[in-house]
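Undergrad: Provide a 3D model corresponding to the input given below.
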Amino acid sequence: MASTLSFRTSRKRARHFQDHGADFGAITAEEYEEMASTFLENGLQINCEEYTRLRDRARLRFNLITEEFGILSSDGYIRTYYIPNPLTHHGEPINYDYYLNCANR
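TA: Purely as a prediction, here's the structure:
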(Lines give C-alpha, C1' and ligand atoms only; values in the text may rest on other atoms or scores of the structure.)
Protein backbone atom coordinates (compact mmCIF):
# COMPACT_ATOMS: atom_id res chain seq x y z
CA MET A 1 0.00 0.00 0.00
CA ALA A 2 1.42 3.39 -0.95
CA SER A 3 1.66 6.09 1.66
CA THR A 4 -0.94 8.82 1.29
CA LEU A 5 0.18 10.95 4.23
CA SER A 6 3.67 12.39 4.21
CA PHE A 7 6.03 14.65 6.09
CA ARG A 8 6.00 18.24 4.85
CA THR A 9 9.47 17.89 3.30
CA SER A 10 11.90 15.08 2.55
CA ARG A 11 14.32 16.75 4.97
CA LYS A 12 11.79 16.52 7.81
CA ARG A 13 11.16 12.89 6.91
CA ALA A 14 14.88 12.14 6.99
CA ARG A 15 15.34 13.88 10.34
CA HIS A 16 12.41 12.08 11.95
CA PHE A 17 13.56 8.76 10.51
CA GLN A 18 17.03 9.31 11.96
CA ASP A 19 15.54 10.16 15.37
CA HIS A 20 12.72 7.59 15.50
CA GLY A 21 12.98 5.01 12.72
CA ALA A 22 14.68 2.51 15.01
CA ASP A 23 11.64 2.65 17.33
CA PHE A 24 9.80 0.66 14.64
CA GLY A 25 12.61 -1.27 12.98
CA ALA A 26 12.27 0.83 9.82
CA ILE A 27 15.10 0.30 7.35
CA THR A 28 14.49 3.39 5.19
CA ALA A 29 12.97 6.82 5.65
CA GLU A 30 10.26 5.85 3.18
CA GLU A 31 9.37 2.75 5.19
CA TYR A 32 9.19 4.85 8.36
CA GLU A 33 6.93 7.37 6.61
CA GLU A 34 4.69 4.51 5.45
CA MET A 35 4.38 3.25 9.04
CA ALA A 36 3.53 6.75 10.27
CA SER A 37 0.96 7.17 7.50
CA THR A 38 -0.68 3.85 8.32
CA PHE A 39 -0.82 4.67 12.02
CA LEU A 40 -2.30 8.14 11.52
CA GLU A 41 -4.54 7.48 8.54
CA ASN A 42 -6.21 4.16 9.26
CA GLY A 43 -9.37 4.06 11.32
CA LEU A 44 -8.98 4.39 15.04
CA GLN A 45 -8.15 0.98 16.52
CA ILE A 46 -9.79 -0.18 19.73
CA ASN A 47 -6.54 0.24 21.67
CA CYS A 48 -5.92 3.82 20.43
CA GLU A 49 -7.03 7.23 21.56
CA GLU A 50 -7.22 10.32 19.43
CA TYR A 51 -7.60 13.98 20.25
CA THR A 52 -7.84 17.07 18.07
CA ARG A 53 -5.95 19.86 19.80
CA LEU A 54 -7.97 23.08 19.95
CA ARG A 55 -5.15 25.61 19.49
CA ASP A 56 -3.85 24.29 16.15
CA ARG A 57 -6.38 21.60 15.13
CA ALA A 58 -3.56 19.02 15.00
CA ARG A 59 -4.69 15.43 15.46
CA LEU A 60 -2.81 13.44 18.10
CA ARG A 61 -3.02 9.67 18.29
CA PHE A 62 -1.71 7.30 20.97
CA ASN A 63 -1.76 3.50 21.06
CA LEU A 64 -2.31 2.34 24.64
CA ILE A 65 -0.65 -1.05 24.01
CA THR A 66 2.34 -0.27 21.76
CA GLU A 67 2.67 3.34 23.02
CA GLU A 68 3.04 4.64 19.47
CA PHE A 69 2.47 8.40 19.34
CA GLY A 70 1.85 10.48 16.26
CA ILE A 71 0.75 13.96 15.32
CA LEU A 72 -0.93 14.96 12.06
CA SER A 73 -1.10 18.68 11.25
CA SER A 74 -4.44 20.26 10.46
CA ASP A 75 -3.41 20.53 6.80
CA GLY A 76 -2.67 16.80 6.55
CA TYR A 77 1.09 16.48 7.04
CA ILE A 78 2.77 14.08 9.44
CA ARG A 79 4.44 16.09 12.17
CA THR A 80 5.93 13.21 14.11
CA TYR A 81 5.66 9.51 14.88
CA TYR A 82 7.58 7.74 17.63
CA ILE A 83 7.44 5.80 20.87
CA PRO A 84 8.11 8.29 23.66
CA ASN A 85 10.62 7.43 26.35
CA PRO A 86 9.95 8.96 29.78
CA LEU A 87 13.68 9.18 30.43
CA THR A 88 14.60 11.07 27.25
CA HIS A 89 11.47 12.62 25.67
CA HIS A 90 9.54 13.98 28.61
CA GLY A 91 9.33 14.09 32.38
CA GLU A 92 5.98 12.38 32.79
CA PRO A 93 5.85 9.11 34.75
CA ILE A 94 4.18 7.24 31.86
CA ASN A 95 3.75 7.82 28.13
CA TYR A 96 -0.02 8.13 28.39
CA ASP A 97 0.43 11.18 30.65
CA TYR A 98 2.76 12.62 28.02
CA TYR A 99 0.09 12.12 25.35
CA LEU A 100 -2.53 13.87 27.52
CA ASN A 101 -0.13 16.72 28.22
CA CYS A 102 0.56 17.19 24.49
CA ALA A 103 -3.16 17.14 23.76
CA ASN A 104 -3.78 19.95 26.22
CA ARG A 105 -0.94 22.26 25.12
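Undergrad: Only the buried residues of the lowest-mean-pLDDT helix or strand in the chain, if you could.
TA: Each helix and strand of the chain was given a mean pLDDT (mean pLDDT, DSSP states H and E); the minimum falls on helix 95-103 at a mean of 91. Going by neighbour count (16 or more other CB atoms under 10 Å), the buried part of helix 95-103 is Asn95, Tyr98, Tyr99, Cys102, Ala103. In this view, the C-beta of every residue, glycine as well, is placed from N, C-alpha and C.
Undergrad: which one among the residues you listed gets closest to His16?
TA: In terms of CB to CB, no member of the buried residues of helix 95-103 lies closer to His16 than Cys102, at 15.9 Å.
Undergrad: if I look at the closest one, how far off is Glu92?
TA: According to CB to CB, to the nearest Å, Cys102 and Glu92 sit 10 Å apart.
Undergrad: Other residues contacting stretch 84-102?
TA: Outside stretch 84-102, the residues within contact range by CB atoms under 8 Å, 6 or more residues apart in numbering are Glu49, Arg53, Leu60, Phe62, Leu64, Glu67, Phe69, Ile71, Tyr82, Ile83.
Undergrad: hmm, 7 Å instead?
TA: Applying CB atoms under 7 Å, 6 or more residues apart in numbering, the set of residues contacting stretch 84-102 from outside is Leu60, Phe62, Leu64, Glu67, Phe69.
Undergrad: Wait, a helix at the first one?
TA: Just to be clear, that refers to Leu60. No: secondary structure assignment places Leu60 outside any helix; it is strand (DSSP: H, G, I helix; E, B strand; the rest coil).
Undergrad: Any idea how many residues pack against it?
TA: Neighbours of Leu60 under the rule other CB atoms under 10 Å: 21.
Undergrad: residues in contact with Gln44?
TA: Careful, residue 44 is Leu; it's not Gln. Contact criterion CB under 7 Å, 6+ apart gives Glu50 as the residues in contact with Leu44.
Undergrad: I should have written Ala26 there, sorry.
TA: Per CB under 7 Å, 6+ apart, neighbours of Ala26: Phe17, Tyr32, Met35.
Undergrad: In three-state terms, label it for me.
TA: Ala26, by the three-state scheme (three-state DSSP), is coil.
Undergrad: Great, nothing more from me.
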